[in-house]
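Student: next input, structure requested:
(2 chains)
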Amino acid sequence: MPETTAAPAETGRPAPKGPGRRTPAGLRLARLRDLALVPAIIAIAIVGQIVHPIFLRADNLINILQTMSEISLLVLAQALVLIVGKMDLSLESTFGLAPGVAAWLTVAVGTGSGLGLLSGFWAIPITLAVGVLIGVVNALFIVRFGLNGFIVTLGMLIVLRGLLTGISGGQTFFNLPESMIYLGSAMWFGVPASIWICLLLFAAGVLVMGFTGFGRSLYAIGGNVDAAKAAGIRTDRVLWITLITASVLAAVGGLLLTGRLASVAASQGDGAIFTVFAAAVIGGVSLNGGKGTVFGAFTGILLLYMIQNVLTLAGVPAQWIEALNGAIILTALALSRLTGGKTQE
Amino acid sequence: MDASANPSAVCEAARITKRYGETVALDGAHITITPGETHALVGRNGAGKSTLVSILTGLQEPDEGEVRFAGRPAPRSSERDAWRERVACVYQKSTIIPELTVAENLYLNRHDHNGLGLVSWKSMWRKAADLLEAWSVDVDVRRSAGELGVEQRQFVEIARALSFGARFIILDEPTAQLDGAAISRLFDRMRAMREQGVTFLFISHHLQEIYEICDTVTVFRDARHILTAPVGELPQGDLVAAMTGEAAGLRDRQARSPVPAEAPVILDARGLTDGEVYVGVDLRVQAGEIVGLAGLGGSGKTELAETIAGLRAPGEGTVEVAGRRPRAGSVPDSLAAGVGLVPRDRHHQGLIPLMSIADNTTMTVPERLGTAGLVSGRRRDGLAREMITNLAIKTPGPELPVNGLSGGNQQKVVMARALASDPRLLVLITPTAGVDVRSKEFLLAKVEEIAGKGTGVVIASDELDDLRLCDRVLVMFHGRVTTELAAGWHDHDMVAAMEGVDLDA
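Tutor: As a prediction, this is how the structure comes out:
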């Protein structure tokens, strides 16, 4: 008797034209929300051009994109974790520790605290493996043991930071193997590889989150985990995958920065998490889960880095940049709250 | 297996027993639902309706008994898809994900994919629109579901249930949050779906709705099946009697001496209106008078009581307490005017579980605990000890955290807090919910004692025992005061008035 048809037997009605597809108002609204920061980005571009005519030149724009490419992967990672309804503070430590461990194991004895145990070939696999491992530990605590994600990843942030300080002896790794340098310093088609990688990963994020059942299940879980379970989504598995993916993205981001600087400082990534959260929230990702887009997160970090660039071009003394940066983030948060109305949290 | 199994029944539950620890939620209960009917399930709170629903939908397994669908045994509880093909339930609590579109909510985790294996939004929108069109639900599938009203959300949830193939739908108090017009639209929709072969199990507190829409009614009381009868053959009086049973009141109480006519007016509320929640309510309470506000969930009694106590601001109207007019919606102002409140739910609004009895009871009177904003622990504990004695709270001392107390004693702490400020008007909302019989008697006697000292009392409740001690009871139905009953009413009259039925009709 039970037949899994979508509609009752007599669906021989005229093709529906009415209520269902009257106005895609909701869709338009969603798209608008996605593009909410575009006017702000244009405004900053104009201001930047007025402040200094170099602003809109290609090399300056590439400079902006390259400086943000590494941290933007943290933003991408955090956006995924926030959408699924969790938090990951430890991303900034993963950003330093993953390439740090790779350097520790591959840098020859004698330079800094390198052990020289493995050949340079292993540097990238090690970086990624450390990312996976950290994600597994996070997921174990958060999903398996049901601990609060905020406090678990805060603990992980401190532990991982301490590990990096421990293995490096508080010093910077130099003389890195070639494979670690390549991605962060190579040029592909005249543009730094890290920009390509960043854009490709964001594009992949847009595709996955918008157009795959897996991506949509992240929204469902973040929006109402019981309803997601009731719809047959394997919520725990999705959470595991998301947390591990986020850590791996952080590791890749760290690798790119390592390549650009040709070194791993013991403090790599230190303090980045505030900017990461701010970019995601300004970009429309809700801290309460279930809301926001990967594209929005991208515009969030882009806006912040454009503002920083404008400040530098305007000759603001470096000592003041940090305070201004914090103030700008808070202002941007307040503005996005006002313009987004009650939809932003 | 079971000779009595009825293959023509859409759903049949037999000899169902379910225990939660000491509590027996269902005791050998049974129900049989035949195809195409709209079957009502009624019973007072705690009758076992919710437990039956979770067993019929496979969310819980019965300790004893069996469930059959169309004559075949129910699937195992892990087979969610199999359950979904047989039965669906629209709960009071939404299972919609507000951030997603209507279409995506309908086809969550069953997305259509295009040639590249990506979600095909277009075909999903079309399918969702077709589905809603087929069941004539007028909702734009691309809107985000959070923008839907309760009514539209219910229709969407019903449509989703039907899209899994289930033709047996349980509606758990679907009318509780709807206004009159929306209810009649829901009923039209249900009738149309019944024509299309959908069977409903309809749960409601409102008996008039059952007479309007249902074919058969089953009554549960105290975890047992009481009766099943065609609605047309069961007079309303008999239905109410089946629901309330012959259980007498808590105890015979002596008639209270009437309140003298010249007693001062403590509460004078005029024209209180808040949208459709409560409309045009006037309420005067004299010193020493106990006035009941009766009504079911959604009748507006709780909101009205909260307004009087200053927890909510009314849309229109004024509240005057002992000649003062506290700022609307301001609890401190109401406290200063002399209002004491026992809020609706002690777990949410009444107590801070990890703090001590002393802290909880004296929370409303910081000025009496010491000077210049400092709290004297000695004075606080002294005050708390007084109240522990006064209310016979069973505890080794005032320093015990309240979550270490039993429900009855916790409720006494809430009462103590309301009394700490020596209120001139005491507002109680479901003051004996989840409280054992002994504490209940004690609390109600305390209320009478306080009224005897000249405090005006308002009790908002749907528990007959709470209402029995009132000098008069205003009965609310859908936001309006429909009936006023003087002390000495019969249970049947009260229940009928709360259900919104007229026994003489």
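Student: three-state assignment of the residue of the stretch 151-300 of chain B found nearest chain A?
Tutor: Residue nearest to chain A within the stretch 151-300 of chain B: B:Gly165 (4.2 Å; C-beta to the nearest C-beta). (Glycine included, C-beta is placed from N, CA and C.) Under DSSP: H, G, I helix; E, B strand; the rest coil, B:Gly165 falls in the coil class.
Student: my guess is it contacts B:Glu85. True?
Tutor: Yes: using C-beta atoms under 8 Å, B:Gly165 is in contact with B:Glu85, at 4.5 Å.
Student: so which of these two has more stuff around it?
Tutor: When B:Gly165 and B:Glu85 are compared for neighbours, B:Glu85 comes out ahead with 20 against 17, by other C-beta atoms under 10 Å in any protein chain shown.
Student: what helix or strand is that one located in?
Tutor: Taking DSSP states H and E as the definition, B:Glu85 sits inside helix B:80-86.
Student: count the neighbours of whichever residue of the stretch 351-500 of chain B sits closest to chain A for me.
Tutor: Scanning the stretch 351-500 of chain B for the residue nearest chain A gives B:Leu354, at 17.5 Å (criterion: C-beta to the nearest C-beta). Neighbour count of B:Leu354, defined by other C-beta under 10 Å: 10.
Student: run a quick neighbour tally on the closest residue to B:Thr273 other than its chain neighbours.
Tutor: What sits nearest to B:Thr273 in space, not counting adjacent residues and going by C-beta to C-beta, 6 or more residues apart in numbering or on different chains, is B:Glu316, at 4.4 Å. For B:Glu316, the count of nearby residues is 12 (other C-beta under 10 Å).
Student: swap in A:Val238?
Tutor: Counted with other C-beta under 10 Å, residues neighbouring A:Val238 total 19.
Student: next one: the helix or strand where it lies to chain centre, how far?
Tutor: In the assignment (DSSP H and E), A:Val238 maps to helix A:235-261. Put simply, helix A:235-261 sits 9 Å off its chain's centre (C-alpha atoms, centre = their mean, to the nearest Å).
Student: ok, back up a step: quick check, the helix holding B:Glu85 touching chain A?
Tutor: Yes: for helix B:80-86 and chain A, the contact criterion (C-beta under 8 Å from any C-beta of the partner chain) is met by B:Arg80, B:Asp81, B:Glu85, B:Arg86.
Student: that helix - what's its average pLDDT?
Tutor: Looking at helix B:80-86 alone, the average pLDDT works out to 84.
Student: kindly report the same for stretch B:107-116.
Tutor: 82.
Student: what do you get for stretch B:320-333?
Tutor: On average, the pLDDT along stretch B:320-333 is 88.
Student: for it, how far is the first residue from the last?
Tutor: In stretch B:320-333, first residue to last residue: 12 Å (C-alpha to C-alpha, to the nearest Å).
Student: what comes up buried for it?
Tutor: Under the neighbour-count criterion of 16 or more other C-beta atoms under 10 Å in any protein chain shown, stretch B:320-333 has B:Glu320, B:Val321, B:Ala322, B:Pro326, B:Ala328, B:Asp333 buried.
Student: repeat that for stretch A:273-282.
Tutor: Quick answer for stretch A:273-282 (16+ other C-beta under 10 Å): A:Ile273, A:Thr275, A:Val276, A:Phe277, A:Ala278, A:Ala279, A:Ala280, A:Val281, A:Ile282.
Student: nearest the geometric middle of chain B, what residue?
Tutor: Centroid-nearest residue in chain B, with C-alpha atoms, centre = their mean: B:Gly297, separated by 4.3 Å.
Student: ok, the residue in the stretch 51-200 of chain A positioned nearest to chain B - contacts?
Tutor: Closest approach between the stretch 51-200 of chain A and chain B, counting by C-beta to the nearest C-beta: A:Ile83, at 9.3 Å. Going by C-beta atoms under 8 Å, 6 or more residues apart in numbering or on different chains, A:Ile83 touches A:Met209, A:Leu218, A:Tyr219, A:Gly222, A:Val285, A:Gly289, A:Gly290, A:Lys291, A:Gly292.
Student: with A:Thr172 instead?
Tutor: When contacts are counted by C-beta under 8 Å, 6+ apart, A:Thr172 touches A:Gly112, A:Ser263, A:Val264, A:Ala265, A:Ala266.
Student: let me know the secondary structure of the last one.
Tutor: So that's A:Ala266. Going by three-state DSSP, the secondary structure assigned to A:Ala266 is coil.
Student: gap between it and chain B?
Tutor: 40 Å (C-beta to the nearest C-beta, to the nearest Å).
Student: kindly report the same for the second one.
Tutor: Distance, A:Ser263 to chain B, by C-beta to the nearest C-beta: 41 Å.
Student: which secondary structure state is assigned to the closest residue to chain A within the stretch 51-200 of chain B?
Tutor: Using C-beta to the nearest C-beta, the single residue of the stretch 51-200 of chain B nearest to chain A is B:Ala129, 2.4 Å away. The three-state assignment at B:Ala129 reads helix, by three-state DSSP.
Student: is it in contact with B:Val141, as I believe?
Tutor: Yes: judged on C-beta under 8 Å, B:Ala129 makes contact with B:Val141 at a distance of 5.1 Å.
Student: higher neighbour count, those two?
Tutor: Set side by side, B:Ala129 and B:Val141 show more neighbours around B:Val141, with 31 against 25, by other C-beta under 10 Å.
Student: if we can go back for a sec, pull the residues that contact the helix holding B:Glu85.
Tutor: Contacts of helix B:80-86 (C-beta under 8 Å, 6+ apart): A:2, A:4, A:230, A:232, B:11, B:57-58, B:69-70, B:74-75, B:77, B:161, B:164-166, B:168.
Student: now which of these would you call buried?
Tutor: Here, 16+ other C-beta under 10 Å leaves A:2, A:230, B:11, B:57-58, B:69-70, B:74-75, B:161, B:164-166, B:168 buried among those.
Student: filter the contacts of A:Thr172 to the buried ones?
Tutor: Among the contacts of A:Thr172, those classed as buried by 16+ other C-beta under 10 Å are A:Gly112, A:Ser263, A:Val264, A:Ala265, A:Ala266.
Student: let me have these in CSV, adding pLDDT and distance to B:His225 as columns.
Tutor: Converted to CSV, the buried ones among the contacts of A:Thr172 look like this (pLDDT from 0 to 100; distance: C-beta to C-beta, whole Å):
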residue, pLDDT, distance to B:His225
A:Gly112, 72, 79
A:Ser263, 92, 77
A:Val264, 92, 72
A:Ala265, 92, 73
A:Ala266, 91, 72
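Student: which of those lies closest to A:Ile241?
Tutor: A:Val264 (27.6 Å; C-beta to C-beta).
Student: who's in contact with that closest one?
Tutor: For A:Val264, the contacting residues are A:Gly96, A:Pro99, A:Gly100, A:Ala103, A:Ser168, A:Thr172, A:Phe173, A:Leu176, A:Thr258, by C-beta under 8 Å, 6+ apart.
Student: count the neighbours of the third one for me.
Tutor: A:Gly100 has 30 neighbours, counted by other C-beta under 10 Å.
Student: good, we can wrap up now.
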